[in-house]
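> Quick one: sequence and predicted model below, then my questions.
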Amino acid sequence: MSSQAEPTDDFEGIAARAPNRHAAFQPHRKGAMGRAHDLLHATPALVPMIVLIAAVAVFGLVLGAKFFSPFALTLILQQVQIVGVLAAAQSLIVLTAGIDLSVGATAVFCSVIMGKLVFEVGLPAPLAVLAGLIAGTAIGGLNGWLVSRVRLPPFIVTLGMWQIVLAATYLYSGNETIRAQDIEATAPFLQFLRGKLQLGGATLTFGVILMLLLVLVLAYALRSTAWGRHVYAVGDDPEAAALAGVNVHRTLMSVYLLVGLICALAGWVMIGRFGSVSPSATTGVIGNIQSITAVVIGGISLFGGRGSILGAFFGALIVGVFELGLRMAGANPQWTFLLIGALIIGAVAVDQWIRKVSA
């Protein structure tokens, strides 16, 4: 018996002599690329912000003080206000690993509803705007139900909805434009977002202010609320999110309902921007591409679960800076498409690199 206990006694003696000795691992030191990857993974909006600053600096050096004038800088905000609002809506969908091809058409349709209810039904302008907001929310809710409950792919659902809403816009409006002069004389509230606020030499329209407030509110909601964490979780892995107790259906429905409302707000911004209500506004066709462009350049992953609204806002500003800068430089407008195309490919490449290294 004593011979069997000896090994145990020796082990206990060793443990007593070194009670606090543990296996130690040297921390892994990352190189510059590793640290850059971690920084980009933690701050997705950093790349578009750097690109935006670089673009402003380059055009400022080339064009001089006129590009840095308050008028020029605020003109960029005025030009991107519609795309900025649509990009905010698109960002929410992409964060859930979807895509919405109907945002532009929904915005135009809601603007037509607002105008027609005033000039044909005789509804007061504030109620007409409210009706347009409800209509946009309903369209978003239908998209969300088809995606979440029927489990149809978001691309297919919104592609079909884009065609339906675009056709409904022409049928309902009779392809007639409501002129800016008529709106100004009869229902100026429809053009409320056209109002301007002077800050020094800068001019901000109410539409621009609405866009900025929307971006800030959504950025806070996504970053600091349980709803925002659920949106990211659903976009990253809906099955894992459901196992963690997230109501995936409710989250998706809330996102699509909110997106429909934001698109309706974009329709109201359109009336303020252009002054008129036109069913043939180009936003209905190219608004989808413009919003997706801003989202991709803004560093939001098309695979869902990573990115920020601020990045999409920076992406919209980058496009606005290129357009205005090249126009002021007298360059061929085709250079804008070339540069934006290169940025889109570069942004996707960076996203793939971050995901590959993360895996």
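Noted; the coordinates are in hand.
> Report pLDDT for the residue nearest to Ala128 when sequence neighbours are not counted.
Nearest residue to Ala128, sequence neighbours excluded (CB to CB, 6 or more residues apart in numbering): Leu117, at 3.9 Å. From N, CA and C alone the C-beta is placed, and that goes for glycine too. Model confidence at Leu117, given as pLDDT, is 96.
> ok, Leu117 to Pro124 distance?
As judged by CB to CB, to the nearest Å, Leu117 and Pro124 stand 9 Å apart.
> before we move on, back to that, is the residue nearest to Ala128 in contact with Leu130, as I believe?
No: taking contacts as CB atoms under 8 Å, Leu117 lies outside contact range of Leu130: 9.6 Å.
> ok, Leu117 and Pro124, which is more surrounded?
Leu117 (21 against 12; other CB atoms under 10 Å).
> in what helix or strand does that one lie?
helix 103-119 (DSSP states H and E).
> how about that helix: buried residues?
Using 16 or more other CB atoms under 10 Å as the test for burial, helix 103-119 gives 103-119.
> Enumerate every residue touching the residue nearest to Ala128.
By CB atoms under 8 Å, 6 or more residues apart in numbering, the contact set of Leu117 is Leu123, Leu127, Ala128, Ala131, Gly132.
> and with 6 Å instead?
Neighbouring residues of Leu117 by CB atoms under 6 Å, 6 or more residues apart in numbering: Leu123, Ala128, Ala131.
> What of Ile82?
Ala266, Val269, Met270.
> surely the second one meets Leu193?
It refers to Val269. Yes: using CB atoms under 6 Å, Val269 is in contact with Leu193, at 5.4 Å.
> Between those two, which contacts overlap?
Joint contacts of Val269 and Leu193 (CB under 6 Å, 6+ apart) are Gly207.
> Tell me which of these two has more neighbours.
It is Val269, of Val269 and Leu193, that has more neighbours when counted by other CB under 10 Å, with 27 against 22.
> separation between the more buried one and Ile262?
For Val269 relative to Ile262 (CB to CB), the value is 10 Å.
> Can you list the low-confidence ranges for this structure?
Low-confidence segments of the chain, defined by pLDDT under 70: 1-42, 355-359.
> All the strands of it, residue numbers only.
For the chain, applying DSSP state E gives strands covering 196-199, 202-205.
> Determine which stretch of those is the most buried.
Counting by mean count of other CB atoms under 10 Å, strand 202-205 has the highest mean neighbour count of those, with a mean of 17.
> number of nearby residues for Glu120?
12.
> Quick check: phi and psi at it.
Note on Glu120: backbone dihedrals following degrees, to the nearest 10 are phi -110, psi -40.
> Quote the end-to-end distance of stretch 215-231.
16 Å (CA to CA, to the nearest Å).
> who touches Val296 in this structure?
Applying CB under 6 Å, 6+ apart to Val296 gives the contacts Ile344, Ala347.
> ok, Glu323 to Leu77 distance?
For Glu323, the distance to Leu77 - CB to CB - is 13 Å.
> Looking at these two now, which is surrounded by more residues?
Per other CB under 10 Å, whichever of Glu323 and Leu77 has more neighbours is Leu77, with 21 against 17.
> And the helices in the stretch 1-150 of the chain?
2-17, 32-42, 46-63, 70-95, 103-119, 125-148 (DSSP state H, counting those that start in this stretch).
> So which of these is nearest Gly330?
When those are compared by CB to CB, helix 46-63 sits nearest Gly330, at 10.1 Å.
> could you give the angle of that closest one to helix 70-95?
Angle of helix 46-63 versus helix 70-95, following axes from the mean of the first three to the mean of the last three CA atoms, to 10 degrees, is 160 degrees.
> Pull the contacting residues for Val129.
Counting by CB under 6 Å, 6+ apart, Val129 has contacts Met114, Trp268.
> what's the answer for Gln191, then?
Contacts of Gln191 (CB under 6 Å, 6+ apart): Ile183, Gly272.
> hang on, the earlier thing: please list the members of the contacts of Ile82 that lie in helices.
Ala266, Val269, Met270 (DSSP state H).
> what's the neighbour count on the last one?
Translated: Met270. Around Met270 there are 29 residues (other CB under 10 Å).
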